[in-house]
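Enquirer: Turn this into a structure:
(chains A and B)
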Amino acid sequence: QTVVTQEPSLSVSPGGTVTLTCGLSSGSVSSDNCPSWYQQTPGQAPRSLIDSTNTRASGVPDRFSGSIVGNRAALTITGAQADDECDYYCVLYVGSGIWMFGGGTKLTVL
Amino acid sequence: EAQLVESGGGLVQSGGSLRLSCLGSGLTFDTHWMGWVRQAPGKGLEWVANINPDGNTRFYADSVKGRFTISRDNARNSLYLQMNSLRGEDTAVYYCGRWTNKPVGGSNRYYMDVWGKGTTVIVS
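Expert: Sure, this is the predicted structure:
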């Protein structure tokens, strides 16, 4: 059973840099897995943050960036702000038409 | 403004059925894969199902395969999810979303670019 893994929680100081990662239990994440990132604030629907070509969605500040680092997809926030405190999800294509979300990372800015 | 609006959620007894709808406006609908994603209370996102633009190819998460059916009506810019044999673990907010492809070097690169606000399904 393939599982997509994310850090359950992370914290960052205001103005600091943090990297959230997204891994695959069955092996390495590559661009063929189409990793993309979504942001969700409490009580709201998710919104697209970084698409599968590591491009920021419209209106997303440039402190957010996506990449593949080693064998995992990564979302880096450089210069974190208080309103970045929320949940972040990645999704991966795992083959045969199947997509899987990671369990999400709850980011705290303090 | 691109918008997806879900409807049809509600309270249903275990074993019952429900049909969710998603209406698109201000966006291109008929050339995109569409999908459903759900979120159980206090839990993370779970991909549920996808359907291709023509409506003749469908994929499902194992957790709903054989019980849920995704369909679409491009003339109405509408996406549907027929949910049968509902269980308590199907209780969730159900979001519809549009998948967009940004091919790179001939390879597909899909992501979900537009999300609805969700509709709540409670199975008692």
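Enquirer: Now B:Glu89. Its backbone dihedrals?
Expert: Backbone torsions of B:Glu89, given as degrees, to the nearest 10, read phi -70, psi 0.
Enquirer: interface residues of chain B facing chain A?
Expert: Contacts of chain B with chain A, taken as Cβ under 8 Å from any Cβ of the partner chain, map to B:35, B:37, B:44-47, B:50, B:57, B:59, B:61, B:95, B:100, B:102, B:104, B:107-118. For glycine as for every other residue, the C-beta is placed from the backbone atoms N, C-alpha and C.
Enquirer: Counting neighbours, which of those end up buried?
Expert: Neighbour-count burial (16 or more other Cβ atoms under 10 Å in any protein chain shown) applied to the residues of chain B next to chain A gives B:35, B:37, B:44-47, B:50, B:59, B:61, B:95, B:100, B:109-116, B:118.
Enquirer: which ones among these are found in strands?
Expert: Residues of those located in strands (DSSP state E): B:35, B:37, B:45-47, B:50, B:59, B:95, B:100, B:110-115.
Enquirer: Quick check, pLDDT for the residue in chain A positioned nearest to chain B.
Expert: Chain A approaches chain B most closely through A:Gly97 (3.3 Å), counting by Cβ to the nearest Cβ. Note for A:Gly97: predicted pLDDT of 96.
Enquirer: List phi and psi for it.
Expert: Main-chain torsions, A:Gly97, degrees, to the nearest 10: phi 80, psi 0.
Enquirer: Just give the nearest non-adjacent residue to B:Ser14, would you?
Expert: Excluding the flanking residues, the one nearest B:Ser14 by Cβ to Cβ, 6 or more residues apart in numbering or on different chains is B:Val123, at 5.6 Å.
Enquirer: what's the spacing between that neighbour and B:Thr91?
Expert: Separation of B:Val123 from B:Thr91 (Cβ to Cβ, to the nearest Å) stands at 5 Å.
Enquirer: now swap in B:Asn84 and tell me
Expert: Taking Cβ to Cβ, one finds B:Asn84 at 15 Å from B:Thr91.
Enquirer: more neighbours, those two?
Expert: The residue with more neighbours, out of B:Asn84 and B:Thr91 and counting by other Cβ atoms under 10 Å in any protein chain shown, is B:Thr91; that gives 18 against 14.
Enquirer: list the contacts for the more buried one?
Expert: B:40-41, B:121-123 (Cβ atoms under 8 Å, 6 or more residues apart in numbering or on different chains).
Enquirer: where does it land on pLDDT?
Expert: Model confidence at B:Thr91, given as pLDDT, is 98.
Enquirer: does B:Asp54 count as helix, strand or coil?
Expert: Reduced to three states with DSSP: H, G, I helix; E, B strand; the rest coil, the structure at B:Asp54 is coil.
Enquirer: repeat for the one 10 residues further on
Expert: Reducing the assignment at B:Val64 to three states with three-state DSSP gives coil.
Enquirer: now the contacts of B:Thr91 in TSV, with pLDDT?
Expert: Formatted as TSV, these follow (pLDDT from 0 to 100):
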residue	pLDDT
B:Ala40	98
B:Pro41	97
B:Val121	98
B:Ile122	98
B:Val123	98
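Enquirer: Kindly reformat those as TSV and extend each row with distance to A:Ser52 and secondary structure.
Expert: Formatted as TSV, the contacts of B:Thr91 follow (distance: Cβ to Cβ, whole Å; DSSP: H, G, I helix; E, B strand; the rest coil):
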residue	distance to A:Ser52	secondary structure
B:Ala40	25	coil
B:Pro41	29	coil
B:Val121	28	strand
B:Ile122	33	strand
B:Val123	33	strand
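Enquirer: Good, we can wrap up now.
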